[in-house]
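> Got a predicted structure here, sequence first:
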Amino acid sequence: MTWLNRDVTEIGGQRLHPETLMMGYGYFPGLSEGAVKCPIFQTSTFVFRSAGEGKRFFELAYGLSEPAPQESIGLIYSRLNNPNLEILEGRLAIWDGAERALAFSSGMAAISTCLFATCRPGDAVIHSNPVYGGSDYLLDKVLPQFGIRTVAFDAGKGAQGLRDAVEAARETARVAAVYVETPANPTNGLVDLAACSAVADELGRRQGSRPLVIVDNTFLGPLWQRPLEHGCDIVVYSLTKYVGGHSDVVAGACVGSRQALEPVHLMRTILGTMTDPHTAWLLMRSLETLELRFRKSVDNATRVAGFLRGHPKVERVAFLGFLDPDSEEGRLYARQCLAPGATFSFFVKGGEREAFRVLDELQLVKLAVSLGGTESLASHPAAMTHSDIEPARRAALGITDNMIRVSIGIEHPDDLIADFRQALATI
Ligand SMILES: Cc1ncc(COP(=O)(O)O)c(C=O)c1O
């Protein structure tokens, strides 16, 4: 019985699965009047039992002293720690098999805090291309203002681009990070994670400090892609998407080893980019159904993508399940991904006019950016999420005017297909 302070992670030799642990891991009813569900600790600060206790908590929180065996940092102030934040982080780490997780107020808060903790003026970051529009702005426009050079390579075009980017970064004193988004938003281009960690090892030998390999795993989530098992260091998420899953929270996470996350944690404390207790509570609710929701979304997406592929008004469907298994990318998909995910783009015959017409005619699928919710969404990356990228670079990345990105939810698949059928019939 987990009344006070014992987590059950194994029963009779059976290691409990993440979907089981999401119901209670890290929460002890005896500490909260027996409540089955963890209450929301909607408080900014915590009372110390004595001044000495407060002193000790701060010593540990600020790293001024090492914790004794079994000693942990007590609750101080909700920018530093809070029960909802801590329980959520314990549960997030389980999915990736990681030592630690940190929760943030958005995916961008996670990504920017992680990069600011990792890079210094004069450093370089090698990154895949395309990435989510906000990440692109951070890499292309914000980091250079802090004296950090960024060198891009294309996702979905094999390993040569990565090697070229390493060569281009050679003249910089130190490559601090290899930042990768795979599958890439919105093209679903793949990047070889094992190749990225091999490059980081090689750079580590050459420059004396190994760059961190940071992977945005928002599209496939910990269910379908496990970057830490491919030698990567930090996994970042927009929890707003599949983990939150109900289009009602904005949040993010960094997951990895204690050592890799320590500077990120410190930076989060100072920047104040953590998530709040209520959002953390909503995310715990969401984690209980993550596996159910995501599995159903992938089944639906496979059905919808199959319908679109055979449609005469559709030029191409960038669904990972359609990669040729004998192609380089198909082999990478088989090595690295466990399912095709449920967000993909398709290209209508025509241009912006035809794409906009389909988007405007959809009745069930909502016209909105974001992805990973229970409801299906459709958007136009060139005019919306990726409109900030200059047109020539956008076109080179394959983000064309006839591209529509969809995130398939958990509705009945026949209803979704009926909606796409009627909308496509209008062009
Ligand atoms: C792949 C990816 N990473 C990061 C983000 C940023 O997440 P957030 O909106 O939670 O800041 C997004 C948002 O769409 C995304 O698609």
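Cool, the structure landed.

> List the contacts of the closest residue to the ligand within the chain.
Proximity of the chain to the ligand (Cβ to the nearest ligand atom) peaks at residue 107, 2.4 Å away. To be clear about C-beta, it is placed using only N, CA and C from the backbone, and glycine gets the same treatment. Going by Cβ atoms under 8 Å, 6 or more residues apart in numbering, residue 107 touches 132, 134, 216, 218, 236-241, 250-252.

> swap in residue 131?
Counting by Cβ under 8 Å, 6+ apart, residue 131 has contacts 139, 179, 181, 184-185, 216.

> Excluding sequence neighbours, find me the nearest residue to the residue of the chain closest to the ligand.
Nearest residue to residue 107, sequence neighbours excluded (Cβ to Cβ, 6 or more residues apart in numbering): residue 238, at 2.6 Å.

> if I pick the one you found, what's in contact with it?
Here residue 238 is in contact with 106-108, 110, 132, 216, 218, 251-252 (Cβ under 8 Å, 6+ apart).

> Neighbour-wise, which one of the contacts of residue 131 leads?
residue 179 (30 neighbours; other Cβ atoms under 10 Å).

> What strand or helix carries the spatially most central residue of the chain?
By Cα atoms, centre = their mean, the chain has its centre lying nearest to residue 237, at 2.1 Å. Secondary structure from DSSP states H and E places residue 237 in strand 234-238.

> Break the chain down into its structural domains.
83-287, 290-424 (automatic domain parsing).

> about what we covered before: between the contacts of residue 131, which is nearest residue 158?
Of all the contacts of residue 131, residue 158 sits closest to residue 184, with 14.0 Å by Cβ to Cβ.

> Look up the residues forming beta bridges with the residue nearest to the centre of the chain.
residue 253 (DSSP bridges).

> picking up where we left off before, which of the domains of the chain is buried the deepest?
domain 83-287 (a mean of 21; mean count of other Cβ atoms under 10 Å).

> as a whole number, average confidence for that one?
Per-region confidence: domain 83-287 scores 95 on mean pLDDT.

> and if you look at stretch 406-416?
On average, stretch 406-416 scores 98.

> And residue 317, its phi and psi?
Dihedral angles of residue 317 (phi, psi; degrees, to the nearest 10) stand at phi -130, psi 120.

> Any residues of the stretch 301-427 of the chain in contact with the ligand? List them.
residue 370 (Cβ under 6 Å from any ligand atom).

> which residues in the stretch 301-427 of the chain form strands?
Under the criterion DSSP state E, counting those that start in this stretch, strands of the stretch 301-427 of the chain are mapped to 314-318, 343-348, 366-367, 377-379, 403-407.

> now, which of the contacts of residue 131 lie close to the ligand?
Among the contacts of residue 131, the residues within reach of the ligand (Cβ under 6 Å from any ligand atom) are 181, 185, 216.

> The ligand contacts on the stretch 101-250 of the chain?
106-108, 132, 134-135, 181, 185, 216, 218-219, 238, 240, 250.

> sorry, back to before: tabulate the domains of the chain (CSV), appending distance to residue 48.
Shown next, in CSV, are the domains of the chain (distance: least, Cβ to Cβ, whole Å):
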stretch, distance to residue 48
domain 83-287, 16
domain 290-424, 36
